[in-house]
Structure formats: structure tokens, C-alpha cells
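Chemist: Predicted model and sequence below, questions to follow.
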Amino acid sequence: MAQDLPELPAEAFAKQDRSPDPLFYAQPRLVTHIDAAAIAAVTDLYRAVVPSGGVVLDLMSSWISHLPDEVAYESVIGHGLNATELTANLRLARHFVQDLNAQPHLPLDTASVDAALICVSVQYLQRPVEVLSELARVLRPGAPVVISFSNRCFPTKAVAIWGALDGTGHAELVRLYLQRAGFARVETHVLKPEGGFSDPLTAVVGWTTPA
């Protein structure tokens, strides 16, 4: 990790709660972590960016994926830390449970996925460049990864650098992650600005090949 992001402080990816993440997520949380307007905004972005009929990987998922109901996909693969939540997600064709902070390697074939999603969870990754490099491996050429985030989180489980930054800083940090992971093209979309009537929401989208 230090080799991936040598400019960041040594404790940038430390957490207040240093217990294993699977312990924290052992209890299912069948709730939404952003409000209805923010959910609608990320669904609209998925509608525009995620190809219909493709294989979608919903990384760090939960009991709901926020994909548009009217769009059909070949398969939606879910990943998370709680099997009960993933089983409750009716959009998933299959799922797997894995602690990415302990094991970032994804059990998926190279160039087998048409889009990847990380919704309001990137702040918990302690090895973000390794995980995103794995996403770059499993994505087909030209396929997008959509990373969305708000100002909500479980603060004791978010990495230290996330808590030290504001919304603009979060976007720049995620851009840096993607660039170091080999994504050739990166775009930032402010879906819901701070100071509005709903949860703020920003998405950073990366592609492994340039436009």
C-alpha cells in the first residue's frame, strides 16, 4: 500500500476500530445508507453508464443494489461481508462474502465483467489501489467502475484519511486511487451537492481505456 500511495501518511489507512471487519458486519443491517433523493441520483447514473444486458459486479454491496428496475442485465454478482444482506438482495444472481482488506484478490475471471459498482463503501477500503487494480483486471476493456459516496459512514470503520477530508477531498482521493490502479480515464460527477435538501452524493467513474 505504501508503494501504491507513497505521498500519503503512514497511518492514512488506519481505523479507529481495528478489530476484523467481519466482526463489525456480522449483524445484518437491512437499511439504506443514503436518502431517497440520493438513491434516485445514483440509479440515474447507473442507467446512463452501466450497459444493459451485461455482467455487473456490485462490490461491497448490501440488500439493495440501486440498479434501475426496468433494465435487464445478464447477471449481477454481489459481494459483501454479510451473507444475510446479500441473500436478501433480489437483484443478485449470485454473491460471495470476502474481506477485501484481508484479501483483495477477486474470485472472478479476467475480462469477465461489463461494469463494476461501489456504492457508499469506498471509505472502508484499506488497500484501495490493490482492490481497484483487481477491478481493472476483471473488467472488460472500456468497461466502467462507478464509485459513489456521500458524507455518511460508520466513522470508526472508515480509514483515517477519509475522516480528515471534505467532499472535494474525497473525490480527489478516489480519483487518485483509480489513476494508481491503472484507469486511463476518470470523471467526477457531483450528483447531489452539499447544502441541498438531500444527502450529498458524488460519483467518480473510471474506465480502463481512454475515450
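Modeler: On my side now, so go ahead.

Chemist: residues near Pro200, how many?
Modeler: 20 (other Cβ atoms under 10 Å). For the C-beta atoms, the positions are set from N, CA and C on the backbone; glycine is no exception.

Chemist: so what's it closest to, chain neighbours aside?
Modeler: Closest residue in space to Pro200, ignoring its immediate chain neighbours: Glu194 at 4.2 Å, by Cβ to Cβ, 6 or more residues apart in numbering.

Chemist: Also Met60?
Modeler: Leaving out its chain neighbours, the residue that sits closest to Met60 by Cβ to Cβ, 6+ apart is Ser121, at 3.6 Å.

Chemist: Quick one: distance of the lowest-mean-pLDDT helix or strand in the chain to the chain centre.
Modeler: Every helix and strand of the chain was ranked by mean pLDDT, DSSP states H and E. The lowest is helix 21-24, at a mean of 78. Centre-to-centre, helix 21-24 and its host chain are 18 Å apart (Cα atoms, centre = their mean, to the nearest Å).

Chemist: Name the residues of it that are buried.
Modeler: Residues 21, 24 are the ones in helix 21-24 that count as buried (16 or more other Cβ atoms under 10 Å).

Chemist: Could you look up the next helix or strand downstream of it?
Modeler: Downstream of helix 21-24, the next assigned helix or strand under DSSP states H and E is helix 36-49.
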